[in-house]
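> Attaching a predicted model along with its sequence, questions to come.
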Amino acid sequence: MSTQEITTESNIEHWREQAKLVSWYKQPQNILSTNDIGWHDWFADGELNTSYLALDYHIEQGRGDETALIYDSPVTEQKIKYTYAQLKTEVAKFAGVLQSQNVSKGDRVLIYMPMIPQAAIAMLACARLGAVHSVVFGGFAANELAVRIDDAKPTVVVSASCGIEINKVIPYKPLLDQAIEVAEHKPSSCVIFQRPQVSAELTANRDYAWQELMSTASEVEPVSVKSTDPLYILYTSGTTGKPKGVVRDNGGHAVAMLYSMKNIYGMRTGDTFWAASDVGWVVGHSYIVYGPLMAGCSTILYEGKPIKTPDAGAFWRVCAEYNVNALFSAPTAFRAIAKEDPNGSLIQEYDLSSLKRLYLAGERLDPATYYWLQEKTNLPVIDHWWQTETGWAIATTPLQAEGDDFTPLKTKAGSAGFPVTGFDVQILDAHGKQVPAEQQGTVAIKLPMPPGCLATIYNDVDRFHSGYLNTYPGYYITGDGGYIDEEGYLFIMGRTDDVINVAGHRLSTGEMEEVLSEHSAVAECAVVGIQCELKGQVPLGLVVIKNGIEASDNELSGELKQKIRNDIGAIASLKDLLIIERLPKTRSGKILRKTLRQMIDGQQVEIPSTIDDPEVIKELSAKFKQNKVMA
């Protein structure tokens, strides 16, 4: 028997054992199989219901009166707790609402909601019926929403009258009406949750008020679905501009969620877990709604920001108030906190004795933020790496049981830790060959992928193969570059298109960002490659400075340029370095490097629908013209 066969057999047995922790309607016997699109299915003959696992199962175990969902909204000054029994009633009734709107197993429901409990209720209600939800970030532009409506073809759209940002109310209904008008596919009905801040005008014979339908709805029991039936479609940006609909199955997802809650996050039944994200992103799907509830934890749904709602102590206030055991957010959130409160003074105002670990993902955790968090909180800071496509962590720092708790192995600044069980991560060169330790290359995952990863791209199998599988046969291509060091730690250095070529030298912009962020004055930064007739490309640094720094821009710019020369070498010397007020980011906190490159190189700028604030583009454009860095 070959090594690969042994590995595959042990892999199958591992997931067979993990599957036993799920309360199936029909226990699977066929653990791993190949399907008709040449991909692999996990637990293909199993049957289950995700909503049952998240709610009814715990009630049956006597935990109905325990807290399931905590809604904390500093923007509306509302706080609501739902027990498992209360949440189950709301979900079962809304499943009845959807059923009354002719939604059944396999139908799609598009959810366009702010961070309110009704968003999670709608998701779980779809799962209860075996319907497939597609959550679109609340407030997306009408055209982007129309693209998703045309691709998913939902029977029903569930929305709210408005979303609430800092000092700003965003009516959703006009955006939804415009999207439906533009879209070729027309949903049969829309269910609108009316918020007191804005009352949406309902279109006759198409739109219905959530509150009215719920007042007469009957509760619906969970529907049995196959393990391989889709649970949701989640759209992620694509290189062509057309979003990719990542499809997640029910069975593999359930196994992965239970496994990860215990083995990655160290959570036990009754613990409180907070993923400070949004249900529009994969983190919100996996670790606001499904993972914590399946694991019998209390989960927090937070309608606010890390700063300005009301201050940079917001996260610490929530952790103290609800005795949060693990906090998960993006590095950009903590960079924003560190910029506003560089000395961590607000941390001292709260009792964080329940908080055991901090988890970061969504973009690379720069060493400066890593060390700041370690120093100010005295907690383990665990960077981990995953993608919308995988649905859960590819790499993390493993936990070791220690008494009644878990202790992580040694973490390393800049590293996402070690590959998680089931992910065979390898670093490949341009020819698909493994490279030695410490050498950078393309990060790929040898097949099969573990349970819970994408099943396909919705309505586009060809794109699924071309985007992920065809580059190196037998591997899933992540699109990220990085390396594995001598001790086995994985370092993700950024997307492969974030490597620039300076006079024939390939340089990682992530490495340069790491050097810049080490400077005590830097809150956050981005480095992008810009066109140069002589060298092909040269790096441009964009830096945001912490509050309270008194040095001049020219002084800081000189120090930072010299630091790059000292730490990386003269070949990496920056053409220019600009001190700016803020960077353009998605709402999940990722810096829009592609947009920056397009602006600087004089190309037509594609401003993604996911941008947090479009005004920052105008600010930067003026700054670039003033400093003559635009083509």
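That came through fine. Worth saying up front: this structure is predicted, and the values here are computed from it rather than measured.

> show me where the stretch 101-250 of the chain has helices.
Counting by DSSP state H, counting those that start in this stretch, residue ranges of the helices within the stretch 101-250 of the chain are 117-129, 142-152, 173-182, 210-215.

> Pick the most deeply packed of those.
Between those, helix 117-129 has the highest mean count of neighbours, a mean of 27, where neighbours are mean count of other Cβ atoms under 10 Å. For every residue, glycine as well, the C-beta is placed using N, CA and C.

> To residue 311, which of the helices of the stretch 101-250 of the chain lies closest?
In terms of Cβ to Cβ, the element of those nearest to residue 311 is helix 117-129, at 24.9 Å.

> ok now the closest one, how far from the chain's centre?
19 Å (Cα atoms, centre = their mean, to the nearest Å).

> elements contacting it?
helix 50-51, strand 67-73, helix 84-100, strand 108-113, strand 132-137, strand 156-160, strand 230-236, strand 298-302 (3 or more Cβ pairs under 8 Å, 6 or more residues apart in numbering; DSSP states H and E).

> export the helices of the stretch 101-250 of the chain to TSV and tack on distance to residue 576 and mean pLDDT?
What follows is the helices of the stretch 101-250 of the chain, written out as TSV (distance: least, Cβ to Cβ, whole Å; pLDDT from 0 to 100):
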stretch	distance to residue 576	mean pLDDT
helix 117-129	43	98
helix 142-152	33	91
helix 173-182	38	96
helix 210-215	52	98
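
> List just the one of those that sits closest to residue 391.
helix 117-129 (14.3 Å).

> now the closest one against strand 298-302, angle please.
Using axes from the mean of the first three to the mean of the last three Cα atoms, to 10 degrees, the direction of helix 117-129 lies 130 degrees away from that of strand 298-302.

> mind checking which of the helices of the stretch 101-250 of the chain is nearest residue 581?
Of all the helices of the stretch 101-250 of the chain, the one in closest proximity to residue 581, counting by Cβ to Cβ, is helix 142-152 (26.3 Å).

> Can you pull out the low-pLDDT segments for the protein?
1-7, 237-241, 496-508, 533-536, 569-573, 575, 588, 631 (pLDDT under 70).

> still on that earlier bit, can you redo the helices of the stretch 101-250 of the chain as CSV with distance to residue 614?
CSV is the format used below for those (distance: least, Cβ to Cβ, whole Å):
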stretch, distance to residue 614
helix 117-129, 24
helix 142-152, 13
helix 173-182, 14
helix 210-215, 30
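
> Out of those, which gets nearest to residue 561?
Taking Cβ to Cβ as the criterion, residue 561 comes closest to helix 142-152 out of the helices of the stretch 101-250 of the chain, the separation being 38.5 Å.

> related to what we said a few turns ago, just the helices and strands packed on helix 117-129: most buried one?
helix 50-51 (a mean of 29).

> now for that one, which elements pack on it?
Against helix 50-51 (3+ Cβ pairs under 8 Å, 6+ apart) you get helix 117-129.

> where along the stretch 351-500 of the chain do the helices fall?
With DSSP H, counting those that start in this stretch as the criterion, the stretch 351-500 of the chain has helices spanning 367-377, 461-468.

> of all those, which gets the most neighbours per residue?
Most buried of these by mean neighbour count (mean count of other Cβ under 10 Å) is helix 367-377; its value is a mean of 19.

> C-alpha coordinates for that helix, PDB please?
Presented in PDB, the C-alpha positions along helix 367-377 are these (Å, rounded to 0.1, in the frame of the first residue of the first chain):
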ATOM      1  CA  PRO A 367       3.800  41.300  13.500                       C
ATOM      2  CA  ALA A 368       3.200  44.800  14.900                       C
ATOM      3  CA  THR A 369      -0.400  44.200  15.600                       C
ATOM      4  CA  TYR A 370       0.400  40.700  17.000                       C
ATOM      5  CA  TYR A 371       2.900  42.100  19.500                       C
ATOM      6  CA  TRP A 372       0.600  45.000  20.400                       C
ATOM      7  CA  LEU A 373      -2.200  42.600  21.300                       C
ATOM      8  CA  GLN A 374       0.000  40.300  23.200                       C
ATOM      9  CA  GLU A 375       1.500  43.100  25.200                       C
ATOM     10  CA  LYS A 376      -1.800  44.900  26.000                       C
ATOM     11  CA  THR A 377      -4.000  41.900  26.700                       C
END
